[in-house]
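S.K.: A predicted structure for the sequence below; I have some questions about it.
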Amino acid sequence: MNDQAPQHPESQPTISQPELVGSSQPPLPPAPPTQPGGWYGAPSAPPTQPAGWYGAPPAAPRRRRGPVIGAVAAVILLAGGGVTWWALTRGDDPIDHVELSGGKLVEEEPTDSYGGECDDTDEYSYNDCESEDSVYEFKYKITNKGDGPANYSVIVNAFDEDGDYVGQTYIGASHVAAGKTETEKSEFDEYTALEDGRELSDIDSVKVAYVERMALAN
């Protein structure tokens, strides 16, 4: 019999890392340390920036249409007004339709009640002659330069030799055909409204002050 104590196998070191027995591969490296988000691993959200600097482009400034529309309307109105003014002043001013001439002071001779020559040499005491006042007489000519018949109403002003206003009278013409002329006499008489302290003898000249042409349909 063998008197020697039984032999025990030597203890083997414990494998601390997962490996295959008899493998020649080196042990796996340790797991990387956990780091704060954004430095390792998934990227963190981009920093928030002011609107218009990052992300969508800034919105374009809104155009002010009100002033532009107003300016266009003003130009249209001015253009229309210019056309109207041109149409009214292209030689159709009715004041050009009237001409005055032959102004003079006329002192009429007194006449009897029948319009005859005055003779107050009879034996009766009352005056047989009627005194006639002086008048300032002038001629006027109205020519219708329009396309159809028209009536005319005219204001004539009187002035003294210094050009100062003395008085005013009115003349007119009815249904003057296109292209036709009407010539008449008119006068400033005792019934004409004169400036205070003025007399008919103060009148030296007359001028057309205003003309209204009323176009007629027929």
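M.R.: Happy to help now that I have it.

S.K.: going forward, measure contacts between C-alpha atoms and count neighbours the same way
M.R.: Will do.

S.K.: in terms of contact, does A215 touch S153 like I think?
M.R.: No. Judged on Cα atoms under 8 Å, A215 makes no contact with S153 at a distance of 11.6 Å.

S.K.: give me the low-pLDDT residue ranges for the chain?
M.R.: When residues are selected by pLDDT under 70, those of the chain lie in 1-91, 108-133.

S.K.: go with 50
M.R.: 1, 18-21, 38, 83-90 (pLDDT under 50).

S.K.: The spatially closest residue to E137 that is not a sequence neighbour: what secondary structure?
M.R.: Nearest residue to E137 in three dimensions, chain neighbours excluded: E187, at 4.2 Å (Cα to Cα, 6 or more residues apart in numbering). Per DSSP: H, G, I helix; E, B strand; the rest coil, the local secondary structure of E187 is strand.

S.K.: Settle this for me: E187 is touching Y136, isn't it.
M.R.: Yes. Using Cα under 8 Å, E187 is in contact with Y136, at 5.3 Å.

S.K.: So between these two, which is more surrounded?
M.R.: Y136 (22 against 18; other Cα atoms under 10 Å).

S.K.: Can you tell me the element that one falls in?
M.R.: Using DSSP states H and E, Y136 sits within strand 135-143.

S.K.: Tell me which residues are up against that strand.
M.R.: 97-108, 173, 176, 179-190, 200-201, 203 (Cα atoms under 8 Å, 6 or more residues apart in numbering).

S.K.: and that strand, which strands flank it?
M.R.: strand 98-106 (antiparallel), strand 181-188 (antiparallel) (DSSP bridges).
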